[in-house]
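Enquirer: Attaching a predicted model along with its sequence, questions to come.
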Amino acid sequence: MKRSAKVLVISLVVTALAIGSTLQVGSAPAVATGASSGSSELRAILATPQEIAEGKRVAEASCASCHGLNGIAKAKDKDMPNIAGQRPGYLYVEMRVYQAGGRGNTPMNNAVKFLSDEALFKVAAYYANLDPAQPVAASAAKAGLAKSDPASAGKAIAAGCAGCHGETGISNVPGMPNLVGLDPKYLVTSIKAYTKGERKHDMMKTLVSALSEADLENVALFYAMQKKPVKAQTPSPGNQAAGKNAAVACAGCHGEGGVSTGSAPSLAGQEAQYFIDAMKSYKNGSRSDASMKAPAASVDDSVIKDMAAYYANQAPQAPRVRKPMTLEEMAQRCDRCHGVGGNSTDPRSPALAAQRPEYLERVMRAYQKGERRSKAMTAMLDGLSEADIAGLAAHYSRQKARSVVYVALPSK
């Protein structure tokens, strides 16, 4: 079949989406801040070859400088999306969102600000009619950044920590902290504090400075997922009974027995000398933490020693950490809406196949941060790490993009 025939037969059914109402081209339907928000009714609209040609002229004037006339963004604009072959209904609705200010003040707002509803329809039909981008090469898509098993990746990195912190994060060296029983987010934040100079330890700063965000998250996950954490295997001199009495004031943040259920670190099973050193650091200001300075200053060194003995002898508990999904499992969840391999068959959901990985990463993080609003997307991305995001983006950028035919069925 020749390309011109394909245009007439296959590519010209534009399914446009309105939020909460049936779309009439030229009307002004209510626009939400995400194409999948709210209820929707769909109506197929046939675009003629002439309208697609007019859409090309709109693209030349308003879109091509960023997205290219062929719908393939320039190589230097790595976080600019390719839109060739994108689902027309999705393109139309997204432009309406930008017109309504639903994406903030961006160059896209200005590009579509004065376009009529008819112009939006035509330019969406034009770009949807183009051949989609080719898959991104594996090397360019950060292949291998996200591991299929983050905990295993963390274990490999943590092997370098075993000399001080024990093979599974259970310390047997006085002054070296136990790393089991800690919430992964807290542990990542704590490690970063060494690189920022908020915690003073030259060797730690040197060792962790070379680790990426994904490395830190994987290491923290590995320690958190130890099923049977035990207390540090080091001496803990001090009066445990006296330490228990003194620790009553700490339970509000650190939990009963030192097992935290909030953002504060668990202290149960923590290495005694490390606890003492940390408290003194808070007292003298070498560790900056407004919430700890006053409590640490209120107790003398003998009480700190007793508290260290008490906490060191409490049984640590594994934090509640959701077992991470593999990249394959995450992609299967995404495919439910975005189609197998990211080739959406739903006009409300964008195709992801062969999309630029940098753009996909940026958009997923925007949903996580609330900069883009979609209950479905926020729920799907909840708890995903930087490595997860990068892995998904790389996965979809390597998929072959395919055009989709919207079939109009006769009414019964």
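Expert: Yes, it's here.
Enquirer: Now do the helices in the stretch 201-350 of the chain.
Expert: For the stretch 201-350 of the chain, applying DSSP state H, counting those that start in this stretch gives helices covering 202-209, 213-224, 240-246, 251-254, 272-284, 290-297, 301-312, 327-338.
Enquirer: so what secondary structure elements neighbour the fifth one?
Expert: Same thing as helix 272-284. Helix 272-284 sits against helix 290-297, helix 301-312, with contacts defined as 3 or more CB pairs under 8 Å, 6 or more residues apart in numbering; DSSP states H and E. Just so you know, the C-beta spots here come from the backbone N, C-alpha and C atoms, and that holds for glycine as well.
Enquirer: Just put those in a markdown table and tack on mean neighbour count and distance to Asp388.
Expert: Output for the helices and strands packed on helix 272-284, formatted as a markdown table (neighbours: other CB atoms under 10 Å; distance: least, CB to CB, whole Å):
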| stretch | mean neighbour count | distance to Asp388 |
| --- | --- | --- |
| helix 290-297 | 13 | 30 |
| helix 301-312 | 22 | 33 |
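Enquirer: Which of these has the lowest mean pLDDT?
Expert: Sorting those by mean pLDDT places helix 290-297 lowest, at a mean of 93.
Enquirer: Report the angle between that helix and helix 301-312.
Expert: Put simply, helix 290-297 runs at 120 degrees to helix 301-312, going by axes from the mean of the first three to the mean of the last three CA atoms, to 10 degrees.
Enquirer: which of the residues in stretch 189-199 are buried?
Expert: Judged by neighbour count (16 or more other CB atoms under 10 Å), stretch 189-199 contains these buried residues: 190-191, 193-195, 199.
Enquirer: Nearest to Ala53 among those residues?
Expert: Nearest to Ala53 among the buried residues of stretch 189-199: Thr195, at 56.0 Å, using CB to CB.
Enquirer: so that closest one touches Val208, yeah?
Expert: Yes. Using CB atoms under 8 Å, Thr195 is in contact with Val208, at 5.8 Å.
Enquirer: Once you drop chain neighbours, what's closest to Gln99?
Expert: Leaving aside its sequence neighbours, Gln99 sits nearest to Val112 (CB to CB, 6 or more residues apart in numbering; 5.4 Å).
Enquirer: Just give me the neighbour total for the one you found.
Expert: 20 (other CB atoms under 10 Å).
Enquirer: Quick one: residues contacting it.
Expert: Contacts for Val112 (CB atoms under 8 Å, 6 or more residues apart in numbering) come out as 62, 95, 98-99, 120.
Enquirer: would TSV of these with pLDDT and distance to Ile72 be doable?
Expert: Putting the contacts of Val112 into TSV (pLDDT from 0 to 100; distance: CB to CB, whole Å) gives the following:
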residue	pLDDT	distance to Ile72
Ser62	95	17
Met95	95	18
Tyr98	93	20
Gln99	93	24
Leu120	96	21
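Enquirer: May I have the secondary structure class of Arg43?
Expert: Of the three states, Arg43 takes strand according to DSSP: H, G, I helix; E, B strand; the rest coil.
Enquirer: Please shift the residue numbers so they start at 8 in all later answers.
Expert: Renumbered: residue one is now 8, and that last one reads Arg50.
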